[in-house]
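# Quick one, structure for this:
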Amino acid sequence: MLWWLGLQLFHRLRRLSMELELARTEFAGQHELHPTDLRALVHLLDAARAGEQATPGWLGHRSA
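Numbering: from 1, shown residues only. So this is what the prediction gives:
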């Protein structure tokens, strides 16, 4: 029965992932952002929160 719980968890995580992707796409569209622009923005916000210096090269490595 343990495999059944693992399968349920897998399906719930897959559904959550799809819902988050739809929300991200909707947000990007509302703000006229391309999905890659939104990913770059998230990386820049993460860098600011971590106190890291974000350079074009740094961002390029994150987005690859």
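
# Check which helices and strands the helix or strand bottoming out on mean pLDDT in the chain sits against.
Ranking every helix and strand in the chain by mean pLDDT, DSSP states H and E puts helix 56-63 at the bottom, with a mean of 88. Here helix 56-63 touches helix 35-50, going by 3 or more CB pairs under 8 Å, 6 or more residues apart in numbering; DSSP states H and E. Placement of C-beta: from N, CA and C, glycine included.

# So which bits of the helix or strand that residue 16 is a member of are buried?
According to DSSP states H and E, residue 16 maps onto helix 2-30. For helix 2-30, the neighbour count (16 or more other CB atoms under 10 Å) marks residue 28 as buried.

# for stretch 32-44, same thing?
Within stretch 32-44, the residues that count as buried by 16+ other CB under 10 Å are 38-40, 43.

# So what touches the least confident helix or strand of the chain?
Helix 56-63 is contacted by residues 36, 39-40, 43-44, 47, 52 when judged by CB atoms under 8 Å, 6 or more residues apart in numbering.

# got the CA coordinates for that helix in CSV?
C-alpha atoms of helix 56-63 as CSV (Å, rounded to 0.1, in the frame of the first residue of the first chain):
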residue,chain,number,x,y,z
PRO,A,56,25.1,39.6,-17.0
GLY,A,57,27.4,36.6,-16.9
TRP,A,58,26.0,35.4,-13.5
LEU,A,59,22.4,35.7,-14.9
GLY,A,60,23.4,33.9,-18.1
HIS,A,61,24.7,30.9,-16.1
ARG,A,62,21.4,30.8,-14.1
SER,A,63,19.2,30.9,-17.2
